[in-house]
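1. just coords:
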């Protein structure tokens, strides 16, 4: 493995002994990525693409948790893509996890159309302008729709999925109607929806969605997932997702 760059650290993922390289001043993965890796269903032999992969957390976790054949991460930021590649190498996953640097908006030109069984994405949640201070910073690009919009992500997923392929997305509940409209507009039919609540008595702050390309119109709203049993103490479901 190449030496760590200045400011980087190595974090334990508690799965298969895997680790990940991160830079606290740029962007570190959050619970949303872990939740998405637990919600997504990847079958034996399937090929997976993660749009906006950051430092590669979702492909690495999915490789650890599933029997998928190959996992590709697409990331526009050069420094994050470099960290993702080095994390794959650190875990001996060069043959199973590939990282491509590129723009989600050009994804249909970077990969063969209808070539993936599963597409995942933990995209920027916030519209441009909402609390945006430095649009050029790595954290701003990860959190705000600076370089791609929800529609860009959905369009790329729809073009790269096989018919019957599955798209898994984590986002914010206040944009759920917009998300469903965008999915259906690209022939991605929502099939499963799961709300995530920080505490049992609190309103949901994340939503997990599965959509199927050219699927039939029928959606299942699954039981909600609660993160904390009490302040600082996860529920058993969350401990299991983290591999503790």
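-> Sure, I can see it. Keep in mind it's a predicted model, so treat the numbers as computed, not measured.

2. can we go C-alpha only for contacts and neighbour counts from here?
-> Fine.

3. any regions of this protein where pLDDT drops low?
-> Judged by pLDDT under 70, the chain has its weakly predicted residues at 1-2, 125-147.

4. the longest helix in it is where?
-> Counting by DSSP state H, the longest helix found in the chain is helix 78-90.

5. what's that helix packed up against?
-> strand 19-22, strand 97-101 (3 or more C-alpha pairs under 8 Å, 6 or more residues apart in numbering; DSSP states H and E).

6. so which of those is nearest residue 239?
-> strand 19-22 (17.6 Å; C-alpha to C-alpha).

7. would you list the strands that the closest one pairs with, along with their directions?
-> As defined by DSSP bridges, the strand partners of strand 19-22 come to strand 9-12 (antiparallel).

8. quick one: the longest helix of the chain to strand 97-101, angle?
-> Computed with axes from the mean of the first three to the mean of the last three C-alpha atoms, to 10 degrees, the direction of helix 78-90 lies at 170 degrees from that of strand 97-101.

9. tell me the most buried of the helices and strands packed on helix 78-90?
-> strand 19-22 (a mean of 23; mean count of other C-alpha atoms under 10 Å).

10. may I have the secondary structure class of residue 119?
-> strand (DSSP: H, G, I helix; E, B strand; the rest coil).

11. give me the beta-bridge partners of it?
-> Residue 119 forms beta bridges with residue 49, residue 167, as assigned by DSSP bridges.

12. wait, it touches residue 162, no?
-> No - between residue 119 and residue 162 there is no contact under C-alpha atoms under 8 Å: 9.9 Å.

13. quick one: what helix or strand has residue 209 in it?
-> strand 206-213 (DSSP states H and E).

14. beyond that strand, next helix or strand please.
-> Toward the C-terminus, strand 206-213 is succeeded by strand 220-221 as the next helix or strand (DSSP H and E).

15. need the contact partners of that next one.
-> Counting contacts by C-alpha atoms under 8 Å, 6 or more residues apart in numbering, the residues outside strand 220-221 that touch it are 191, 192, 193, 194.

16. before we move on, what about stretch 183-192?
-> Contacts for stretch 183-192 (C-alpha under 8 Å, 6+ apart): 154-155, 158, 167, 180, 208-222.

17. swap in 7 Å and give it another go.
-> 154-155, 158, 180, 209-222 (C-alpha atoms under 7 Å, 6 or more residues apart in numbering).
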